[in-house]
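A.B. asks: A predicted structure for the sequence below; I have some questions about it.
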Amino acid sequence: MRSTQADRRSRSRTALMESAARGLSRVGYRNLVLEQVAAEAGYTRGALYHQFKDKQDLTLAVFAWILETWQHEVGVRVEKETEPVAALLALAGGHAVFCRRDIARVAVALRLEFSGQDHPVGRAVEEAYELLLQQCMRLISAGRKAGAIPPGPPVRTLALAYLGAFEGVVIALAGQAPYDEQLAIRAAAGALGLEPVGGST
């Protein structure tokens, strides 16, 4: 069966975004060269500009694709949990597994690069992080209401500490599966003030 023009366009778009994601994770936004992105994907620079207006447009598309992938692989896993604590620990473990992939480093790289700057890419990254933080705050509040998470710092402060705890572990233990997942869950539990949890999900 012959592929349609829409199929070919979709394949080329995906290949270009994957190449851009690898480039962004390695060299960041400012040092990303679109000609190299196209070449590594097996396309010309013209083909890239046929799909994306400029580097900013490409980067925003890559980031949206990463968020969608994260939701499909991690968010769904979190939503399946009926208890707030289980959902929070599933998020930490699922994020650790997700971060074994090259594309996961893009969000961290962009967040660091655009920290404190008013830029469309930086704003998109910060907005996504704020949404994740709000989700964690809701789960922590529900956990406290149920008596599963002990009282302590303000909910937003605790949510920031929780995210920072497992993100730090994931960054420090890059490439060290399964310990990245096990210790991310343990770090998340510790930040939440929970009893020590086992080493696996």
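C.D. replies: It's in.
A.B. asks: Now residue 115: closest residue in space that isn't a chain neighbour?
C.D. replies: Ranked by C-beta to C-beta, 6 or more residues apart in numbering and with sequence neighbours excluded, the top spatial neighbour of residue 115 is residue 122, at 7.4 Å. For the C-beta atoms, the positions are set from N, CA and C on the backbone; glycine is no exception.
A.B. asks: isn't the one you found right up against residue 110?
C.D. replies: Yes. Using C-beta atoms under 8 Å, residue 122 makes contact with residue 110 at a distance of 7.3 Å.
A.B. asks: Show me which of these two is the more surrounded one.
C.D. replies: Applying other C-beta atoms under 10 Å to residue 122 and residue 110 shows that residue 110 carries more neighbours, namely 25 against 17.
A.B. asks: Look up the pLDDT of the more buried one for me, please.
C.D. replies: What the model reports for residue 110 is a pLDDT of 93.
A.B. asks: Just the element for it, please.
C.D. replies: Using DSSP states H and E, residue 110 sits within helix 104-113.
A.B. asks: One more: residue 152?
C.D. replies: In this structure, residue 152 sits in neither a helix nor a strand according to DSSP H and E.
A.B. asks: From residue 70, how far out is the residue nearest to it when sequence neighbours are not counted?
C.D. replies: When the adjacent residues along the chain are set aside, residue 152 lies closest to residue 193, with 5.8 Å between them (C-beta to C-beta, 6+ apart). Relative to residue 70, residue 193 is positioned 26 Å away (C-beta to C-beta, to the nearest Å).
A.B. asks: So which of the two has more stuff around it?
C.D. replies: residue 70 (20 against 15).
A.B. asks: Could you pull up the contacting residues of the more buried one?
C.D. replies: Taking C-beta atoms under 8 Å, 6 or more residues apart in numbering as the definition of contact, the neighbours of residue 70 are 95, 98, 104.
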